[in-house]
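1. structure, please.
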Amino acid sequence: MTRSAAYYDGFPRKLSRVALSHLCVAVCGIFLSLVAESSRAAEWSFEPSVGLRTEYNTNVQLTPDPHPAAWGMILTPDVKFSGATEALTVTGGLNLGFTRYLHQPQFNIDSYDLSLRSSYKTERDVLNFDLDAIRDATVVSELATTGVVLAYSPRNQFTVTPSWSRALTEATSINASYGYTNVNYHATSGTSPIGYQEQVASVGMQTKLDEGKVLNLAAYYDRYETPPPQTLENTFGVHGGYDHAFSETLHGTLLVGWRWTQSTLSSQTSICDGPIINGICSGMIIETTTVQKQNNSGLTLNANLEKQSETDTVRGEISQEIYPSGAGSLVQTQRVAVKWNKQWSPMLSSNIDGAAYRIQYIGGAVTSSSNSRYYSFNSSLSWRFRESLKLDVGYTYSRNKYDSAPVAANANVLYLMLSYAWPKLSVSR
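-> Model (predicted):
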């Protein structure tokens, strides 16, 4: 899909891709100079690994239409790195993926996930700089986050998030952050996902009541926009949170708020400036823009509770949030999820998790007939032959049902994955 470089007219004003790239280079340059200055006493570590997965997928696209099953192979080289000085901490990683399906080349994709997390501390201030560059298919991370099933298409996402916090007292601090995300899609035949930009700015305060209790309050602004014909959705919100460690093994968080969203839909219309004779315009045809506005508000919620023991970890989550999507609109996703990890022995472990999503489009850019429900279930068994070699076998089930469609889409995936991790490499200087 072709994107305009100058259609954005909001905050920051007329931010083109070139200007953005220059800004990112400048920010990265400042960050790297801090790294270089602090690296004299740094300790760096690298953890390389590689995995080979084979899978049988009955419905790669998760479509209710007739579809073929597919056998696939996925090669995933990976490296994680970290470094630290007295003031600076850097962690990150690069994961590559090479996916090939037998007799189904339309599903082949080369993917990557580059992440960087950095934190620079002074006596009272903490500066963070996070960066993510991701290329994957729409049915991977975007589906897991939003629950929205888009046509199978490669997706490129770039996100940069600088933030700052300052300690006012030993227990209280203020914080501010800004996040910029750019997403575009390499649409394949018969697909039409819509690229977008999202910007999120927030300010807040956090107070530590005691060793296991933390209160926080924040206000935020979210701007989501797509290329012409343009969808522009501005969201203003506030939320308050409570983080409580009930004991060494039981921990919970609660984040509740309210948001207000204004959606502006712009479209081009042709008008004949003159008489129409026999269906033919005898005057000039003028292009004009029509604008529709719609307001929407709602509760935001994110709550989780986690219980740990020597061999088990059980976690439950419930949330209602808005997310950007490649459908050309924000979506409100209600999600309930549970997860259970069990360590049966030093060599054998298992994982079971499931989630249910309720997806509603807001703003009028997408009709309510596209609202849907999505369900996922995953179970896996891991056998570690030795410290560096592991075998995973698992099963995944997915189901998607549109409110207006009589038939649901179902997918079953059986997979086997062999992973090898090299010993950690450490370098001090």
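
2. the helix or strand containing Val90: partners in the sheet, and parallel or antiparallel?
-> Secondary structure assignment for Val90, by DSSP states H and E: strand 88-101. Partner strands and pairing direction for strand 88-101 (DSSP bridges) are strand 70-84 (antiparallel), strand 109-121 (antiparallel).

3. now stretch 132-145: buried residues?
-> In terms of neighbour count (16 or more other CB atoms under 10 Å), stretch 132-145 has its buried residues at Asp132, Ile134, Arg135, Asp136, Ala137, Thr138, Val139, Val140, Glu142, Leu143. All C-beta atoms are positioned from the backbone trio N, CA, C, and that covers glycine.

4. which parts of stretch 418-427 are buried?
-> By 16+ other CB under 10 Å, the buried positions in stretch 418-427 come out as Ser419, Ala421.

5. my read: Leu418 touches Gly51, true?
-> Yes: the criterion here is CB atoms under 8 Å, and Leu418 meets it with Gly51 at 6.8 Å.

6. follow-up on the earlier one: got the strands paired with strand 88-101 as TSV, with distance to Leu301 columns?
-> Putting the strands paired with strand 88-101 into TSV (distance: least, CB to CB, whole Å) gives the following:
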stretch	distance to Leu301
strand 70-84	33
strand 109-121	26
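
7. make JSON lines from the ones you listed and add mean pLDDT and distance to Phe246 to it.
-> Formatted as JSON lines, these follow (pLDDT from 0 to 100; distance: least, CB to CB, whole Å):
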{"stretch": "strand 70-84", "mean pLDDT": "95", "distance to Phe246": "30"}
{"stretch": "strand 109-121", "mean pLDDT": "95", "distance to Phe246": "28"}
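
8. for those, which one sits closest to Ser379?
-> strand 70-84 (18.9 Å; CB to CB).

9. CA-only coordinates of that closest one in CSV, if you can.
-> What follows is strand 70-84, C-alpha atoms only, in CSV (Å, rounded to 0.1, in the frame of the first residue of the first chain):
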residue,chain,number,x,y,z
ALA,A,70,-0.4,-26.3,5.1
TRP,A,71,2.9,-27.9,6.3
GLY,A,72,5.5,-25.3,7.3
MET,A,73,9.1,-25.0,8.5
ILE,A,74,10.3,-22.0,10.5
LEU,A,75,14.0,-21.3,11.2
THR,A,76,14.5,-18.7,14.1
PRO,A,77,18.1,-17.6,14.8
ASP,A,78,18.1,-15.3,17.9
VAL,A,79,20.5,-13.3,20.0
LYS,A,80,19.8,-11.5,23.3
PHE,A,81,22.3,-8.9,24.6
SER,A,82,22.7,-6.8,27.8
GLY,A,83,25.1,-4.3,29.2
ALA,A,84,25.4,-2.3,32.4
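
10. low pLDDT regions in the stretch 51-200 of the chain?
-> The model of the stretch 51-200 of the chain has pLDDT under 70 over residues 187-191.

11. for it, what spans make up the helices?
-> Secondary structure of the stretch 51-200 of the chain by DSSP state H, counting those that start in this stretch: the helices cover 141-146.

12. how far away is Leu301 from Gly83?
-> Here the criterion is CB to CB, to the nearest Å. By it, Leu301 lies 37 Å from Gly83.

13. please say which of those two ends up with more neighbours.
-> Using other CB atoms under 10 Å, the more surrounded residue of Leu301 and Gly83 is Gly83, with 21 against 16.

14. beta partners for that one?
-> Judged by DSSP bridges, the bridge partners of Gly83 are Trp44, Val90.

15. so it makes contact with Trp44?
-> Yes: Gly83 lies in contact with Trp44 (CB under 8 Å); the separation is 4.2 Å.

16. related to what we said a few turns ago, the strand holding Val90: which residues count as buried?
-> Leu88, Thr89, Val90, Gly92, Gly93, Leu94, Asn95, Leu96, Gly97, Thr99, Tyr101.

17. I'd say Leu114 and Ala133 touch.
-> Yes: at 4.4 Å, Leu114 counts as touching Ala133 under the criterion of CB under 8 Å.

18. what ranges do the strands span in the stretch 301-429 of the chain?
-> Along the stretch 301-429 of the chain, counting by DSSP state E, counting those that start in this stretch, strands occupy 312-324, 330-343, 348-361, 372-386, 389-402, 409-421, 425-428.

19. what do you get for the stretch 101-250 of the chain?
-> Going by DSSP E, counting those that start in this stretch, the stretch 101-250 of the chain shows strands at 109-121, 125-137, 154-167, 172-185, 196-210, 213-225, 231-245, 250-273.

20. so which of these is nearest Asn57?
-> Across the strands of the stretch 101-250 of the chain, Asn57 has its closest neighbour in strand 125-137 (11.7 Å, CB to CB).

21. tabulate the strands of the stretch 301-429 of the chain (a markdown table), appending distance to Arg223 and mean pLDDT.
-> What follows is these, written out as a markdown table (distance: least, CB to CB, whole Å; pLDDT from 0 to 100):
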| stretch | distance to Arg223 | mean pLDDT |
| --- | --- | --- |
| strand 312-324 | 10 | 96 |
| strand 330-343 | 11 | 96 |
| strand 348-361 | 18 | 96 |
| strand 372-386 | 25 | 95 |
| strand 389-402 | 28 | 96 |
| strand 409-421 | 32 | 96 |
| strand 425-428 | 42 | 84 |
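
22. switch those over to a markdown table; also include distance to Glu170.
-> Output for the strands of the stretch 301-429 of the chain, formatted as a markdown table (distance: least, CB to CB, whole Å):
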| stretch | distance to Glu170 |
| --- | --- |
| strand 312-324 | 31 |
| strand 330-343 | 35 |
| strand 348-361 | 38 |
| strand 372-386 | 42 |
| strand 389-402 | 43 |
| strand 409-421 | 40 |
| strand 425-428 | 32 |
